[in-house]
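Undergrad: Make a model of this:
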Amino acid sequence: MSKVCPHDKLRTELYKDLLDLTEKAQDLGVQELVWFGISFFTQMALDCAPSVKAGRHLVKEAAKTVRKDVS
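TA: Below is the predicted model:
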């Protein structure tokens, strides 16, 4: 039996909450909703990082994890 990390449960709850918010805001349209979410979390990364450079690095690295494989 594998042990579940407490952060795994939090991540699952956050994911579900984000999906719920997305559904509630669907009248904004996909493009505006995505723009808003990216802007919000990018600003949060910059505000919470020890430096702007570190915040930008965090955002850049996160973006790499969601790119589609084009091969």
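
Undergrad: where along the protein do the helices fall?
TA: 6-24, 30-48, 52-64 (DSSP state H).

Undergrad: got those helices as JSON lines, with mean pLDDT and mean neighbour count columns?
TA: The C-beta positions use only the backbone N, C-alpha and C, and glycine is treated the same way. Listed next are the helices of the chain as JSON lines, based on pLDDT from 0 to 100; neighbours: other CB atoms under 10 Å:
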{"stretch": "helix 6-24", "mean pLDDT": "93", "mean neighbour count": "10"}
{"stretch": "helix 30-48", "mean pLDDT": "94", "mean neighbour count": "12"}
{"stretch": "helix 52-64", "mean pLDDT": "94", "mean neighbour count": "12"}
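
Undergrad: Can you tell me which residue is spatially central in this structure?
TA: In the chain, the residue lying closest to the centroid (CA atoms, centre = their mean) is F41, at 6.4 Å.

Undergrad: That one and V4, how far apart?
TA: Counting by CB to CB, to the nearest Å, the separation of F41 from V4 is 25 Å.

Undergrad: same check, this time on R56
TA: In this view, R56 and V4 are 33 Å apart by CB to CB.

Undergrad: Just checking the distance from stretch 23-40 to the centre of its chain.
TA: 12 Å (CA atoms, centre = their mean, to the nearest Å).
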